[in-house]
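Peer 1: could you look at this predicted model? Sequence included:
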Amino acid sequence: MSQIARILSVCLASGSIVMFGGPQAWGQTLAREGTDDALSSFLQASDQPIQRIDQFQQENLSPGDRPDSYGEVPAAGAAYLLGTGPGQGDLSGSDAEVKAGTLWDENPSWRPYFEASFRGGSAIDRGELELFMPLVWSDTSLLFADLRGGTGDTGHHEGNWALASRHRTQNGWILGAWGSYDLRESETGNHFDQAAFGVEMMSRDLDFRVNGYVPTSLESQLVPGEEVTAAISRGNIVVRSNRELAYWGVDGEFGLLLWSNDPSGESEESESEERWYSNLDAELRWFAGGYYFDNPTSGFDSITGPRVRAELRMYDLSLLGNGSRLTLEGMIQDDRVRGTQTEAGVYVRIPFGRRPQRRLDRMQRRMVDRIVRDVDVVANHQVVEEAAVFASNGLAIGSVSVVDAGDDLSDEVTNAGANSLVVLDGTAGEIFESDTSTLSQGQAVVGGGRTMTVASRVTGVEAEFAVPGERPTVTGTDATVDVFEIADDTSLIGLDITGGHNGVSGEDVTGFTLSDLEARGAVKDGFHLKGDINGTVRGNRAAENGDDGFQFDNFNGGTVSDNTASGNGYGFFVRELNGGTVSENTAEANVADGFLLSETNGGTLSDNIANSNGNGFKLMDVNGGNLTGNSASSNDQQGFDVGFFNGGVLSGNTGTANGETGFQVDVLTGGTLSDNTATANAFGFYVDILNGGTVSENTAESNVDGGFLLLESNGGTLSNNAANSNGNGFLLFNFNGGSWTGNSASSNELNGFEVDSFNGGTLSGNTGSANGGSGFQVDSFDAGTLSGNTADSNGNEGFFLMEFNGGVLSDNIANGNIGGPGLHAPPGGGDPPPPGGGDPPPPGGGENN
């Protein structure tokens, strides 16, 4: 036999001796190993407290007491009845009282235990492990913790953490109460938790208990991995989903002791009768009760029914020692939701910790009975149908009707009415209409052969509804009337619309949705919305309409996004942009402007594209809002043409290869023009009059005539801009005020900075390098400040002043300029001070002092 096998054999044999023979057999085993003396000393010491207890009992016996009815406990100051114990309602002084104590006592009165169980049945097989932990006790009360964890063969897991109290009364009852926090992961993978509580009354023969269960949430959850669908049912759209939720509830039961056998003599069998179970300490109990669990969510039925169960309990097993217990249980219950369920279980209790060396009497056993409760957070899942709403606006969907080429479209739309869904099926061919189809509030007209997003009315879960039929074409045959007219909260989706006066019209509408539409060949506009507008226009196309692809009078909120306008007079025309978002739209090959905004007071114009139009973006009056991330390229005139720029932000935009300018501003008095890029235009940035505001961190590159052209600067700030490889870098005709700082001009064909008339303001901290002409050229310097600038490696002079009549010229640096001296100024106008370094002073014409 191997060494490992020998070790295992010894361990198994030792464990068997302890379990079947107890400490005495273990002592004998030790004696056989040559430890007789040590064991004898230990046993002799253990007898001393027992002898003191015997003496205490003999001295305090009352007449008629039987000495042999007492057990002995190796804990000073406590004695317990082993055999009969107190009868029902008996807490007389003849019983030795349990001292008050806590979990940390050296000699505890109550032992903790583990109890393992397995239950199998028609619905589920499960295993559970319980820890019972006494915390604080007195002679009549016990506070304990009850901790449980379990798992089942369906994949669910559960934990219960309870705190409980029990109290023995003078009339033989035990009153108890408990509270618990429970957490469950169901077999579907959803998590539920709850607070649970209960009260109980127990005597030797009877049980009464009532429990309550309150989940932290009664909201349903989708079953993971299950598909959510939408379909037409009884003329309406419903959303079908498999949902799971927790139930609140109560349960209760009544219990009765049917039979018991006490080997110490308390059983009902006569002393003369001998049975096979005579030495078995056991009892049989029967319980009957019921349960009610519910959830207010529509579609889920209550779980209500009776429950009957029985327990056969066997105590103080010789195999496991005093305090152990083996329980066999059978249970049957029935309800309408889960049907009839049967279950059988076995529970094995094993105490541990310090031993009081006593057997509990019957009432003491009841003090440590397992808390009887529903260990599950009761949950249920099923497929439910909910009425659908439009996901875009949350409005309910009423009736559903289907219209094709054989029907009168305008009549059918009118008859369907508010909150209805009208499906246009193009299978039968083109739908011709000479009248305007006017939508009612909350109505949706949707083309076939597509999907639309709907949501369940209560839970809000979304699903894709497959609209039957094919995509239709609706043709307006009368050029004087509009094809469709929308109202508040309406939806027009998935159609091709041709002809008519306007393809789609509306006035003072809000909450609407226009999506996946094509409007073509209208006399006036593809989409024409008058008055105050707040809604969603997304994913549409307007082509070859007489005036505008999209026209909005006053856009106050909502979204215009992912639309395309091509071949119209104007692509997008907004009279007033006061709020909302106009984003990710494309205007291409429109005759006039891609985007025309008469007045911009707020909102966002972002990430739009304008290609090959007259002007890319024409913004007549900008007072606020954010215009960011837009792109204008290959337009005949300006990429961005701004009339009056009084406020707001024009930032992060790109103007490329436009016929005239990348960015043109007539009058800039406020706001911010920053971080924009102009490439390969005639002029990069063109400002007629700069009165205020900020022009900063823009880049002009490879523009034919100039990077930055300003006709007049009276104020404001031009800072940290870069002009590279243009005709002129910065060209300013009249510099009357303002501040130009931190700008850079390099590799331009002509001058880096050229000022025609310098009458005021500050030009400082700028750099002109490697330009074909001068780094800085001023035709007439009459006032203002030119200071702290640097000119390096330019083709002509670093600083060339044709006429110097006044102002401040200081701390400028010129190095390595090829075409002449570092600083050039003619005589007669007053010699400027030296630049502080660089090329030598010019010969004649005054000295640089």
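Peer 2: Alright, I've got the coordinates.
Peer 1: helices along the chain, start to end?
Peer 2: For the chain, the helices defined by DSSP state H occupy 3-16, 22-32, 36-59, 362-367, 409-416.
Peer 1: let me see the domain layout of this protein.
Peer 2: The record's domain parsing of the chain by automatic domain parsing lists 113-267+278-382, 749-843.
Peer 1: from one end of the first one to the other, what's the distance?
Peer 2: Pointing back at domain 113-267+278-382 there. 40 Å (C-alpha to C-alpha, to the nearest Å).
Peer 1: off-centre distance for it?
Peer 2: 35 Å (C-alpha atoms, centre = their mean, to the nearest Å).
Peer 1: shaky segments in this protein?
Peer 2: Applying pLDDT under 70 to the chain flags residues 1-99, 106-107, 265-274, 356-358, 820-849.
Peer 1: sorry, back to before: dump the domains of the chain into a markdown table; add distance to Asn736 as well.
Peer 2: (Glycine included, C-beta is placed from N, CA and C.) Formatted as a markdown table, the domains of the chain follow (distance: least, C-beta to C-beta, whole Å):
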| stretch | distance to Asn736 |
| --- | --- |
| domain 113-267+278-382 | 67 |
| domain 749-843 | 5 |
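Peer 1: point out the most buried one among these.
Peer 2: domain 749-843 (a mean of 20; mean count of other C-beta atoms under 10 Å).
Peer 1: picking that back up, nearest to Gly101, of the domains of the chain?
Peer 2: Evaluated over these, closeness to Gly101 peaks at domain 113-267+278-382, with 5.7 Å, by C-beta to C-beta.
Peer 1: bridging residues for the closest residue in space to Trp259 that isn't next to it in sequence?
Peer 2: In this structure, Trp259 finds its nearest non-sequential neighbour in Leu284, 4.4 Å apart by C-beta to C-beta, 6 or more residues apart in numbering. Taking DSSP bridges as the rule, Leu284 bridges to Trp259, Leu312.
Peer 1: so Leu284 sits right up against Arg309, yeah?
Peer 2: No. Under the criterion of C-beta atoms under 8 Å, Leu284 is not in contact with Arg309, lying 11.8 Å apart.
Peer 1: pull the contacting residues for the residue nearest to Trp259.
Peer 2: 257-260, 310-313 (C-beta atoms under 8 Å, 6 or more residues apart in numbering).
Peer 1: pick out the most distant pair among those.
Peer 2: Across the contacts of Leu284, the longest distance by C-beta to C-beta is 13.7 Å; it joins Ser260 and Ala310.
Peer 1: who's the closest residue in space to Gly323 that isn't next to it in sequence bridged to?
Peer 2: With C-beta to C-beta, 6+ apart as the criterion, Gly323 has its nearest non-adjacent residue at 3.7 Å, and that residue is Pro351. Beta bridges link Pro351 to Tyr113, judged by DSSP bridges.
Peer 1: so that it lines up with my notes, have the first residue be 200 from now on.
Peer 2: Let's use 200 as the start, then, which means that last one is Pro550.
Peer 1: list the contacts of Pro550.
Peer 2: So Pro550 contacts 310-312, 519-523 (C-beta under 8 Å, 6+ apart).
Peer 1: using CSV, lay out these together with distance to Asp338.
Peer 2: CSV is the format used below for the contacts of Pro550 (distance: C-beta to C-beta, whole Å):
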residue, distance to Asp338
Arg310, 17
Pro311, 19
Tyr312, 21
Leu519, 27
Gly520, 24
Asn521, 20
Gly522, 19
Ser523, 24
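Peer 1: quick check, nearest of those to Val1007?
Peer 2: Closest approach to Val1007 among the contacts of Pro550 (C-beta to C-beta): Pro311, at 92.3 Å.
Peer 1: show the contacting residues for that closest one.
Peer 2: For Pro311, the contact set (C-beta under 8 Å, 6+ apart) comprises 330-333, 550-552.
Peer 1: of those, which belong to strands?
Peer 2: Within those, residues falling in strands by DSSP state E are 330-333, 550.
Peer 1: tell me the phi and psi of the closest residue in space to Ala586 that isn't next to it in sequence?
Peer 2: Distances taken as C-beta to C-beta, 6+ apart place Arg656 nearest to Ala586, at 4.7 Å, with adjacent residues excluded. Torsion angles at Arg656 (phi, psi; degrees, to the nearest 10) stand at phi -70, psi -40.
Peer 1: pretty sure Arg656 contacts Ala587?
Peer 2: Yes. With contacts counted by C-beta under 8 Å, Arg656 reaches Ala587, the gap being 6.9 Å.
Peer 1: could you check which of those two has the larger neighbour count?
Peer 2: Per other C-beta atoms under 10 Å, whichever of Arg656 and Ala587 has more neighbours is Ala587, with 27 against 16.
Peer 1: before we move on, back to that, of the domains of the chain, which is nearest Gly779?
Peer 2: Set against Gly779 and scored by C-beta to C-beta, these come closest in domain 312-466+477-581, at 29.1 Å.
Peer 1: is Arg832 bridged to anything, and to what?
Peer 2: Careful, residue 832 is Ser and not Arg. Going by DSSP bridges, Ser832 is paired in beta bridges with Asn810, Thr855.
Peer 1: what residues are up against it?
Peer 2: Neighbouring residues of Ser832 by C-beta under 8 Å, 6+ apart: 808-810, 815, 838, 853-857.
Peer 1: re earlier: quick one: which of the contacts of Pro311 is nearest Phe929?
Peer 2: Nearest to Phe929 among these, with distances taken as C-beta to C-beta, is Leu330, at 81.9 Å.
Peer 1: leaving out sequence neighbours, find the closest residue to the closest one.
Peer 2: Using C-beta to C-beta, 6+ apart, the closest residue to Leu330 is Leu346 (4.5 Å).
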